[in-house]
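K.L.:
predicted coordinates and the sequence they were generated for:
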Amino acid sequence: MKKFTLIGVAGYIAPRHMRAIKDTGNLLAVAYDINDSVGIIDSIFPQSEFFTEFERFYEHAHQLKRNPATALDYAAICTPNHLHHPHIAAGLRLGCDVICEKPLVPTPELLEELELVERETGKRVYNILQLRHHEAILKLRDKVAAAPTDTKFDVELTYITSRGKWYMESWKGDPRKSFGVATNIGVHFYDMLHFIFGKLQRNVVHYSAESKAAGYLEYERARVRWFLSIDANDLPDEVKGKKPTFRSIDISGEQLEFSEGFTDLHTTSYREILAGRGYGLADARHCIETVNVIRTAQPVAGAAGEVHPYVARLAK
């Protein structure tokens, strides 16, 4: 049985990590969050130690490190995006292998810093890239691999997930903490596209605003027009007032359906990590480089056929 700590236990995604720890037969020994609304711990790991001050948490974990019988094996990171880097580094220095949510860090330079801390500590960082374990994604990857090597698929990715006024008041609405909408809600898709279609060859941004972004990505095996938004006004008319989210991935005229099958992907990710097959820093580099370019690029007018159709609606 491996002993875990979870940093950011009050966060939205933390329950999936707690269940993954439990489902893989392991123990959450220590948890930390600045917020104390963590009653869900009672139904999963009621005996876990809990701290709301990082200094007290770190000192407790460091004391556990002195004894092999109590030392922590893994640290799971579920904190706001801008805290991933320091919390990953802290976990490594506590003698833990680290499992962190996306986006791992905002820039390639910070990724290289984590590589240095890995070498200093002899421990590893793993990124939760759960879409790589989704059955529909794996089937599509096989289909693309089986197609003639000179085939480039035409992909149109549309993801609109409505968020209320709370979003912009939270850390997610602060680009210094979330690194913007394309990074915060888009990084999953950019990793998925790379996983399926290979190396990125072009990366152009056509629109960038507080609540939405759009652009064009060209991979070895695909040409991708993408549009991401948290603005309910962008929902198609047939969805408005009925559903808060619209997701469409059209691949050369065929829809990729992967609405189901998400429930256990964190547990699958944990099983792979514990078996020595997790996705590390090198695997995360591609999507980090992609979102770093998107976040810092100046939007340009797109070439014919490269602009997502929703961009034209924004100009009206």
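P.N.:
Received, thanks. Residues are numbered from 1 along each chain as shown.

K.L.:
roughly how far apart are Gly276 and Arg124?
P.N.:
10 Å (CB to CB, to the nearest Å). For the C-beta atoms, the positions are set from N, CA and C on the backbone; glycine is no exception.

K.L.:
looking at the two, which is more packed in?
P.N.:
A count of neighbours by other CB atoms under 10 Å puts Arg124 above the other of Gly276 and Arg124, at 17 against 7.

K.L.:
so the more buried one touches Leu114, yeah?
P.N.:
No: judged on CB atoms under 8 Å, Arg124 makes no contact with Leu114 at a distance of 10.2 Å.

K.L.:
list phi and psi for the residue most central in space within the chain.
P.N.:
In the chain, the centroid-proximal residue (CA atoms, centre = their mean) is Lys102; its distance is 2.6 Å. Phi and psi for Lys102, reported as degrees, to the nearest 10, are phi -90, psi 160.

K.L.:
and the residue nearest to it when sequence neighbours are not counted, what element?
P.N.:
Spatial nearest neighbour of Lys102, excluding adjacent residues (CB to CB, 6 or more residues apart in numbering): Val187 at 4.8 Å. Assigned by DSSP states H and E, Val187 belongs to helix 181-197.

K.L.:
just after that helix, pick out the following helix or strand.
P.N.:
For helix 181-197, the succeeding helix or strand toward the C-terminus, using DSSP H and E, is strand 200-208.

K.L.:
how far is that next one from where the chain is centred?
P.N.:
19 Å (CA atoms, centre = their mean, to the nearest Å).

K.L.:
list the buried ones in that strand?
P.N.:
Leu200, Asn203, Val204, Val205, His206, Tyr207, Ser208 (16 or more other CB atoms under 10 Å).

K.L.:
and of the residues you listed, the nearest to Arg141?
P.N.:
Leu200 (15.9 Å; CB to CB).

K.L.:
please report phi then psi for the closest residue to the closest one other than its chain neighbours.
P.N.:
Distances taken as CB to CB, 6+ apart place Tyr219 nearest to Leu200, at 5.7 Å, with adjacent residues excluded. The phi/psi pair for Tyr219 (degrees, to the nearest 10) reads phi -110, psi 170.

K.L.:
need the contact list for Tyr219.
P.N.:
Leu193, His194, Phe197, Gly198, Lys199, Leu200, Gln201 (CB atoms under 8 Å, 6 or more residues apart in numbering).

K.L.:
tell me the one of those nearest Cys96?
P.N.:
For those, the minimum distance to Cys96 (CB to CB) is 27.7 Å, reached by His194.

K.L.:
roughly how far apart are that closest one and Val204?
P.N.:
Counting by CB to CB, the separation of His194 from Val204 is 16 Å.

K.L.:
quick one: the strands in the stretch 101-250 of the chain?
P.N.:
125-127, 153-161, 200-208, 212-219, 222-229, 245-251 (DSSP state E, counting those that start in this stretch).

K.L.:
residues contacting the third one, please?
P.N.:
Contact with strand 200-208 is made by 180, 182, 194, 213-220, 286, 289-290, 293-294, 297-302, 306-308, 311, 314, as judged by CB under 8 Å, 6+ apart.

K.L.:
switch to 7 Å and redo it
P.N.:
By CB atoms under 7 Å, 6 or more residues apart in numbering, the surrounding residues in contact with strand 200-208 are 194, 213-220, 286, 290, 293-294, 297, 299-300, 302, 307, 311, 314.

K.L.:
and those, which are buried?
P.N.:
Judged by 16+ other CB under 10 Å, buried ones among the contacts of strand 200-208: 194, 213-219, 286, 290, 294, 297, 302, 307, 311, 314.

K.L.:
which pair in those residues spans the largest distance?
P.N.:
Once CB to CB is applied, these give His286 and Leu314 as the farthest pair, at 28.3 Å.

K.L.:
low-confidence ranges in the stretch 1-150 of the chain?
P.N.:
Filtered on pLDDT under 70, the stretch 1-150 of the chain yields no residues whatsoever.

K.L.:
what's around Glu53, how many residues?
P.N.:
Using other CB under 10 Å: Glu53 sits among 10 other residues.

K.L.:
that one and Glu59, how far apart?
P.N.:
Applying CB to CB to Glu53 and Glu59 gives a distance of 10 Å.

K.L.:
Arg93 now?
P.N.:
For Arg93, the distance to Glu59 - CB to CB - is 13 Å.

K.L.:
same thing with Asp250?
P.N.:
Separation of Asp250 from Glu59 (CB to CB): 53 Å.
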